[in-house]
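Trainee: Here you go, sequence then predicted model.
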Amino acid sequence: MTHHFPTDFWWGAAASGPQTEGRSPNDSKGASIWDHWFKTNPEKFYQGQGPGQTTQVMTHYQEDLQCMEEIGFNSFRTSIQWSRLIPEGRGAVDQEAVAFYHRYFDELLARGIQPFVNLYHFDMPMALQNQGGWLNRETVTAFAEYAQVCFDLFGEKVSHWFTQNEPIVPVEMGYLYQQHYPAVVDLSMAVQVGYHEALASARAIQKFRRSACTGKIGIILNLTPTYPKDPQNPADQEAAVIADAFFNRSFLDPAVKGTFPQELVEIIDDLGMRPNTTETDLAVIRTNTVDLLGVNYYQPRRVQQKQSPKNGQHPMPEDYFDVYDWPDKKINPYRGWEIYEKGIYDTLINLRDNYDNIPCFISENGMGVENEGRFKNEAGIIEDDYRIQFIKDHLAYVHQAIEEGCHCLGYHMWAATDNWSWLNAFKNRYGFISIDLDTQQRTIKRSGYWFKEVIRENGFS
Ligand code: BG6
């Protein structure tokens, strides 16, 4: 075999609570920003499918987990929904939710699959959003309390915890590019939101260290390696350094090193947008870094020095660089994202060389494809050869990075099952396991059977 992975490598896939749980009539879940946004603006969601539908995991989790066991996963990540466990964001814990998450985690363990549990996947409880959400410092305290509740309730069953998934996304999509609620454009708010998220993650880690939990805690970041148009051109290089500071190092540095990148701090100071901080906060961030890093990798970022005039209305990160549209790029047309396999290797090498080779794993990587039903064979199995190729090409680079000393402990694909994708709802399907939304029938795709072989062999040729 040409690509053999280390013993005990984590093989599996990921999902999140808000993308799989859905709602049932009269359930006791509190509204999240997604429930609220769908109520006020259903037209924003592809084919009017909202967060109440999703894949009904609460009633179908056994079928999902049976398929995952059949494929041979040894680990699976999902998230607890804050607004399900604590409907008002603070205060009373919902006992139905507690019972459900216990059942879910028990069933995973019974099937030999380690639950990796994340606490925040873009799903602010609406009761807290009404008081400012991440703009409000009180939300940081509420998050630490929520984390403590989770550690106390489920700490004996869960040995791998994550504070947040892609914390840059609520910053950029909620406060710069209008794809998440509250969809405003305001860099100063974006900075405050990001700072509070970083502090909240550190405060949750502090709670973890003081708890009885014996496992590991980390964070999951979408790292987008940033390439200058012309690597020999210092102005393009500088543009790449700044874009990297905005979108990667803004969370990577505080999470792993306990500090914020100087380039970013200088820009924010120049703009007079330094968030409200205290010395105590900075000490908490400095001393509560992660044990483990989840890396979500989908696409690179390509930039060049500023060519176009600055948008005069309001400051934006793009005032410091322009996006470079590489004419030779390979693209996933359904999602519009570049496919660049070597980016996963470059990201791991960067962690090896500049982040003390922190233990990490690929926590998401995958390919969303529209109308996958057209690839169904007579047996009802989706023949997603493109996904097999995509995973193979990325895994080969992960393997190379490990051979070169990177401390990468596993590979989770996005996603285990097809699931609901925010504004795109069910447009693109990502899973190893397809779901017929009318019948809720789960069927393993060809990629799932291929992955089963990879897991069995602990590698591939
Ligand atoms: C990741 C997120 O950014 O990408 C997932 O963690 C998301 O929640 C996935 O679903 C794929 O992106 P999208 O927007 O196509 O669902």
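Mentor: Perfect, I can see it now.

Trainee: Residue in the chain with the shortest distance to the ligand?
Mentor: Minimum separation of the chain from the ligand (Cβ to the nearest ligand atom) falls at residue 421, amounting to 3.0 Å. For glycine as for every other residue, the C-beta is placed from the backbone atoms N, C-alpha and C.

Trainee: Mind pulling the model confidence for that residue?
Mentor: Each residue has a pLDDT score; the one for residue 421 is 98.

Trainee: after whichever strand or helix holds residue 151, next one along is what?
Mentor: Per DSSP states H and E: residue 151 is located in helix 137-154. Per DSSP H and E, the first helix or strand lying C-terminal to helix 137-154 is strand 160-165.

Trainee: Helices of the stretch 51-200 of the chain, start to end?
Mentor: Taking DSSP state H, counting those that start in this stretch as the criterion, the stretch 51-200 of the chain carries its helices at 57-71, 82-85, 95-110, 126-129, 137-154, 168-175, 187-210.

Trainee: so of the ones you listed, which one's packed in deepest?
Mentor: Of all the helices of the stretch 51-200 of the chain, helix 82-85 has the most neighbours on average by mean count of other Cβ atoms under 10 Å, namely a mean of 26.

Trainee: centre of the chain versus that one, how much separation?
Mentor: Put simply, helix 82-85 sits 18 Å off its chain's centre (Cα atoms, centre = their mean, to the nearest Å).

Trainee: just stretch 446-461 next, same as before
Mentor: Using Cα atoms, centre = their mean, the offset of stretch 446-461 from its chain centre is 24 Å.

Trainee: Please apply the same query to stretch 222-234.
Mentor: Offset of stretch 222-234 from its chain centre (Cα atoms, centre = their mean): 22 Å.

Trainee: Stretch 296-315 too?
Mentor: Centroid separation between stretch 296-315 and its chain, computed with Cα atoms, centre = their mean, is 22 Å.

Trainee: Distance across it, terminal residue to terminal residue?
Mentor: End-to-end distance of stretch 296-315: 28 Å, with Cα to Cα, to the nearest Å as the criterion.

Trainee: Likewise for stretch 241-253?
Mentor: End-to-end for stretch 241-253, by Cα to Cα: 14 Å.

Trainee: so, in contact with the ligand or not, it?
Mentor: No: Stretch 241-253 does not reach the ligand (Cβ under 6 Å from any ligand atom); its nearest approach is 12.6 Å.

Trainee: near the ligand, which residues of the stretch 51-200 of the chain show up?
Mentor: Going by Cβ under 6 Å from any ligand atom, the residues of the stretch 51-200 of the chain near the ligand are 165, 166.

Trainee: I'd guessed residue 396 sits against residue 3; true?
Mentor: Yes: counting by Cβ atoms under 8 Å, residue 396 does reach residue 3; the two are 6.1 Å apart.

Trainee: Quick one: distance of the helix holding residue 151 to the chain centre.
Mentor: Remark: helix 137-154 is offset 19 Å from the chain centroid, using Cα atoms, centre = their mean.
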